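Novice: any chance you could fold what I've pasted below:
(2 chains, ligands or ions: 2)
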Amino acid sequence: MTNATTSRKGTAKAATTSAKRASNVKPATVLIVGAGFAGLGTAIRLQQAGIRNIVILERASAVGGTWRDNSYPGAACDIPSNLYSYSFDPNPDWSRSFSGSAEILSYIEAMVERFGLQQYIRFNQNVTDLSYDDDHGLWHASTEGGASFSGRVAVMAQGPLSNPGFPAIPGIEDFKGKTVHSAAWDHDYDFRGKRVGVIGTGASAIQIIPELAKQAGKLTVFQRTPAWVMPRPDFETPDWQKTLFRKVPASQSALRKGLYLAHESMALAVIWQSPVTRLAERLGRWHLRRQVKDRWLRRQLTPDYRIGCKRILVSNDYYPALQQPNSKLITWPIARISENGVRTVEGIEHQFDAIVYATGFEVSHSGTPFPVRGSAGRLLADDWARGAQAYKSINVAGYPNLFLTFGPNSGPGHNSALVYMESQIDYIVKGVKTILKRNLKALAVKDRAQDEYNAGIQKRLARTNWNSGCKSWYLTEDGFNATMYPGFATQYANQMSELELRDYTLITA
Amino acid sequence: MAKIDLDKMLVKIKNTQWALSDIDWDAPGADLVTAEQWPQLKEFMADLMWIEHVGARAFAAMAKKAPTDTLREIYTYFHAEEQRHANAEMALMKRWGMLDGDELPEPNINLRLVIEWLDRYSDEMPVYVLGTVVPMLEIALDGALCKFLLDTVDDPVCHQAFEKINDDESRHLGVGFTVMEMQGHGATYIKMVEMAAQLMDPRLILGIASYFPLLNKMRDNVVAMGLSEEKLYACMRKFEKIGGRTEDGRRNVWFQIIKFHSRWVVDRNNRFYHAPVDAVVKLTGYIPRRVLPAVPSWVKELTYKPTA
Ligand SMILES: Cc1cc2nc3c(=O)[nH]c(=O)nc-3n(C[C@H](O)[C@H](O)[C@H](O)COP(=O)(O)OP(=O)(O)OC[C@H]3O[C@@H](n4cnc5c(N)ncnc54)[C@H](O)[C@@H]3O)c2cc1C
Ligand SMILES: [Fe+2]
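Specialist: Ligands and ions are numbered 1, 2, ... in the order given. As a prediction, this is how the structure comes out:
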């Protein structure tokens, strides 16, 4: 087996070791990048289909992805746990309607245990390059340490939100105090009594702020754009419910179905402009009015874009936390970060012991997190230079045998990401089975099929709230939406339910 | 002043930020304010500071209504910059021993009424109404008052602060006049009538009822400081000159309205205008503070402390 890609990387020594290993190790059937929900779920379903020659490459030393990294105080899902979990691995024991990060991580760890996935995972393997070898119909992954792995099929499950993002504020390196990112929490740092600044008011921020407000001596929150915040129906799960779920599993899947439908109906508010959108905005305004009495503060917290255009947040304790005597909301633009804190345009330097960045993740709409080379060495980042595109979000023309989870236009705005992921995973299993059964060297989606699919998607997107004028991480700089799926989860599931072979070129080995 | 590229302006604004801590508020020179000047200056500074604050609140309203993302961001910056001016002026008052402890100086009653109006109605006003009144306020009050100040006060720290403030103000004015021209651009007769029709809005009439006396009151304050009111008028004429330099600018109905109004203001012989307005100034002087609603909470954000 040739390995052009690893020799590109490092020293002669590394190249020879990996070449040796590569020649010894038989290629896996499926090579998966990432041991988060997506990668692990894919392995489970493949295994259930009798495919066991799997390798999962994970850059960290533990599983869990999002839920391993996001351990900040208050971290929790905002889709009810009974829906934010896999239908093929129900958990009767969720302690709350919206479980915390630690509990979700335990669920993932238990899943690894239960399905015996440990054997497939190679930890501390940070993939730096993924290349397709046309001659052999193989994907080769090179990792940071100089190792290389190969497989007939590659699954990119490295997560859409796995690289912490910092804002482009001048002077960000100048700060002498403690800097913490929400997705890389420092549990050894004691926030008690400290002067803390939080930058950002998105999904993570509104979970962190109420917790930090309990600890910090002084908490200052810097907001650029106020988001829509909805009441959060959070409660502890009663014991009888856990017992019921364990004794009558059908009752839990019934609840899941109900939650699923309830969230599906929210698409009407979130995705398109409809009377329900107005209703949702009324609910958001009511929540704000009820929790914030001061007129000016309410003005500062009132969103000026249509609901659904950006991610909708849910919280009962965010607004109250901002009004605690030790906390303060700042809406002045940030001019720069200095040695001692944050300078805002009204001329004041807000001084801190620690600055918390709750500024989300680096989201690439056009690039790829590492170079991905397809047929004849073409580079995915080049193909995506004007916005990422795929066929049904899962395959890309010119990149045979490659599957994406959370690919272009697969983002849910209103429903559990895992619902979408299950559709993707089942599709991947169908693809792998097709390759094995027909002994294909390559299963390659046709250009035309991809173009037609995308023309339809972009037409439908034009009518959605996401493309209604606000700036968000869903859109590229020039307003191209390569992120969201413009429809119900049910529609998405339908489109994924069939692997239509006429849309593919099949090359036999 | 040529028409400005607003995108470039936004970049420039971001690149030329300053903070209160850039100035040494304890540097020598505070004693250059004479005992004679002190009492008048105290009142003058308080008014000036509040006018900045009025400008700030108006920009906040304009940011909500801005027609483009760039303008919205520019106005968001201007809102904060006006606040910075007020903060810096408060720091000067602190330096000159004009603050009672941490107390905010009281605005005069006419300013107080304008603040009240802005807080209640400005968010609902069409952007071109504020977009024309604000440059007028900035040029006449901000601009003229700063000039008086620099002519009378020798304290170098004061000059240092106002050099920065004036740099900001010149950008505010540049954008202000550009926007006025944008709004006048291609204005048809119908659009002009529509713009003028806003005059009938009772909320706006209330605003006018607080804006007219404010100008006369400030004129009186200027005179009380021993300054020539002619200088104030010269500034107001500048508004007419710059605002009307292009066809587009002249087609902006609100420019025309404010221009005519400013002509009345500068004409002391126009008894028809000044008699009733001066009477209102006098009358408002009798409004007991306790009947006014509590000051809005944004007012409490003012501070003379460079760090928080
Ligand atoms: C704070 C937070 C809350 C969320 N809440 C919800 C919610 O309530 N509901 C919902 O539907 N969604 C939610 N999401 C979205 C969430 O990201 C997805 O639901 C899901 O967890 C994504 O799983 P994943 O496996 O695709 O990615 P991840 O969980 O990110 O896993 C990707 C894995 O790949 C590894 N990896 C990345 N790059 C490489 C590389 N180069 N080489 C090797 N390994 C690599 C990472 O270390 C990671 O372990 C939330 C996200 C965040 C950040
Ligand atoms: Fe000003």
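Novice: does stretch A:300-316 reach ligand 1?
Specialist: No: counting by C-beta under 6 Å from any ligand atom, ligand 1 is not contacted by stretch A:300-316; separation bottoms out at 9.2 Å. The way it works is simple: take the backbone N, C-alpha and C, and place the C-beta from them, glycine included.
Novice: flag every buried residue along that stretch.
Specialist: By 16 or more other C-beta atoms under 10 Å in any protein chain shown, the buried positions in stretch A:300-316 come out as A:300-301, A:303, A:305-315.
Novice: OK, contacts around A:Leu161?
Specialist: By C-beta atoms under 8 Å, 6 or more residues apart in numbering or on different chains, A:Leu161 lies in contact with A:66, A:183, A:360-361, A:363.
Novice: find me the pLDDT at it, would you?
Specialist: Per-residue confidence (pLDDT) for A:Leu161: 85.
Novice: report the secondary structure state of A:Gly146.
Specialist: coil (DSSP: H, G, I helix; E, B strand; the rest coil).
Novice: okay, now it: neighbour count?
Specialist: A:Gly146: 19 surrounding residues under other C-beta atoms under 10 Å in any protein chain shown.
Novice: up against chain A, what does the stretch 201-308 of chain B have?
Specialist: Proximity of the stretch 201-308 of chain B to chain A, by C-beta under 8 Å from any C-beta of the partner chain, involves residues B:296-298, B:301, B:303, B:305-308.
Novice: try 7 Å this time
Specialist: Applying C-beta under 7 Å from any C-beta of the partner chain, we find that the stretch 201-308 of chain B lies next to chain A at B:296-298, B:303, B:306-308.
Novice: can I have the buried ones of the residues you listed as a PyMOL selection?
Specialist: This is how PyMOL selects the buried members of those, with burial counted by 16+ other C-beta under 10 Å:
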select buried, chain B and resi 296+298+303+306+308
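Novice: how about the residues of chain B near ligand 2?
Specialist: Residues of chain B found near ligand 2 (C-beta under 5 Å from the ion) are B:52, B:55, B:82, B:85, B:142.
Novice: B:Arg84 is in contact with the first one, correct?
Specialist: No: here B:Glu52 lies out of contact with B:Arg84, judged by C-beta atoms under 7 Å, at a distance of 8.5 Å.
Novice: quick check: domain ranges of chain A?
Specialist: Domain ranges of chain A: A:4-163+A:364-508, A:178-233+A:260-357, per automatic domain parsing.
Novice: would you single out the least confident of the ones you listed?
Specialist: domain A:4-163+A:364-508 (a mean of 89).
Novice: do the helix or strand containing A:Leu297 and chain B meet at all?
Specialist: Element membership for A:Leu297 (DSSP states H and E) is helix A:295-301. Yes: using C-beta under 7 Å from any C-beta, helix A:295-301 reaches chain B at A:295-297.
Novice: neighbouring strands - and their directions - for the helix or strand following that helix?
Specialist: Remark: after helix A:295-301, the chain's next helix or strand is strand A:313-314, criterion DSSP H and E. Strand A:313-314 has the following sheet partners, assigned by DSSP bridges: strand A:229-230 (parallel).
Novice: what's the offset of the strand it pairs with from the middle of its chain?
Specialist: Computed by C-alpha atoms, centre = their mean, to the nearest Å, the chain-centroid distance of strand A:229-230 equals 21 Å.
Novice: which residues sit in contact with the residue lying closest to A:Val396 once chain neighbours are set aside?
Specialist: Leaving aside its chain neighbours, A:Val396 sits nearest to A:Ala390 (4.9 Å; criterion: C-beta to C-beta, 6 or more residues apart in numbering or on different chains). Counting by C-beta atoms under 7 Å, 6 or more residues apart in numbering or on different chains, A:Ala390 makes contact with A:396, A:404, A:407-408, A:450.
Novice: could you say which helix or strand holds residue 46?
Specialist: This is for chain A. Following DSSP H and E, the helix or strand that holds A:Leu46 is helix A:37-48.
Novice: switch to chain B, that's the one I care about
Specialist: Here B:Ala46 is assigned to helix B:38-65, by DSSP H and E.
Novice: before we move on, what about A:Thr220?
Specialist: A:Thr220 belongs to strand A:218-222 when assigned by DSSP H and E.
Novice: contacts for that strand, please.
Specialist: A:195-199, A:201, A:209, A:212-213, A:322, A:326-330, A:334, A:342, A:350.
Novice: closest residue of the stretch 101-250 of chain A to ligand 1?
Specialist: A:Gly159 (2.3 Å; C-beta to the nearest ligand atom).
Novice: many thanks, I have nothing further to ask.
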